[in-house]
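Asker: Give me the fold of what follows.
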Amino acid sequence: MLIDLEPEQQQVIELAIQSGAFHSSKEVITTALTMLAEDIEDGAVSEARSHEPRFTLAEVEAELRSLGKLD
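Answerer: Next up is the predicted model:
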């Protein structure tokens with residue numbers, strides 16, 4: 001399966017790898033999908049939330065900066 005990512009999504013993946021928490025884009029996507037599957041299993045994902053992002057790029061960058069993983 002091929003998936004086209006938006007530039008912001010690609011940047012989140014790159015930031016996750018740069019943080020040192022992940023070694024590859026595959027690892028980032030696998031973790032994200034595992035978390036989503038857990039949310040679905042727990043009933044945390046509803047139609048109302050299915051179209052809203054969990055975090056914005058700015059929030060991800062701020063979190064990584066606060067952890068000292070991004071300059």
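
Asker: pLDDT at the residue nearest to the spatial centre of the chain, what is it?
Answerer: For the chain, residue 32 is the residue whose C-alpha lies nearest the centre (CA atoms, centre = their mean; 5.7 Å). As predicted, residue 32 sits at a pLDDT of 91.

Asker: Name the residues that touch the helix or strand encompassing it?
Answerer: Assessed by DSSP states H and E, residue 32 sits inside helix 25-41. For helix 25-41, contacts defined as CB atoms under 8 Å, 6 or more residues apart in numbering pick out 13, 16, 17, 22, 45. In this view, the C-beta of every residue, glycine as well, is placed from N, C-alpha and C.

Asker: Same list (those residues) but as TSV, adding neighbour count and distance to residue 61.
Answerer: Rendered in TSV, the data for the contacts of helix 25-41 read as follows (neighbours: other CB atoms under 10 Å; distance: CB to CB, whole Å):
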residue	neighbour count	distance to residue 61
13	18	13
16	21	11
17	15	14
22	18	15
45	14	25
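
Asker: the bottom helix or strand of this structure by mean pLDDT?
Answerer: helix 57-66 (a mean of 83; mean pLDDT, DSSP states H and E).

Asker: chain center to it, what's the gap?
Answerer: 11 Å (CA atoms, centre = their mean, to the nearest Å).

Asker: Now do the buried residues in it.
Answerer: Neighbour-count burial for helix 57-66 flags 60, 64 (criterion: 16 or more other CB atoms under 10 Å).

Asker: Who are the contact partners of residue 55?
Answerer: residue 63.

Asker: dump the residue contacts of residue 11.
Answerer: Counting by CB under 8 Å, 6+ apart, residue 11 has contacts residue 57.

Asker: can you tell me the helix or strand for it?
Answerer: helix 7-18.

Asker: Can you point out the buried residues in stretch 4-21?
Answerer: 12, 13, 15, 16, 19.

Asker: Turn the residues you listed into a markdown table, columns for distance to residue 6.
Answerer: Listed next are the buried residues of stretch 4-21 as a markdown table, based on distance: CB to CB, whole Å:
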| residue | distance to residue 6 |
| --- | --- |
| 12 | 10 |
| 13 | 11 |
| 15 | 14 |
| 16 | 15 |
| 19 | 20 |
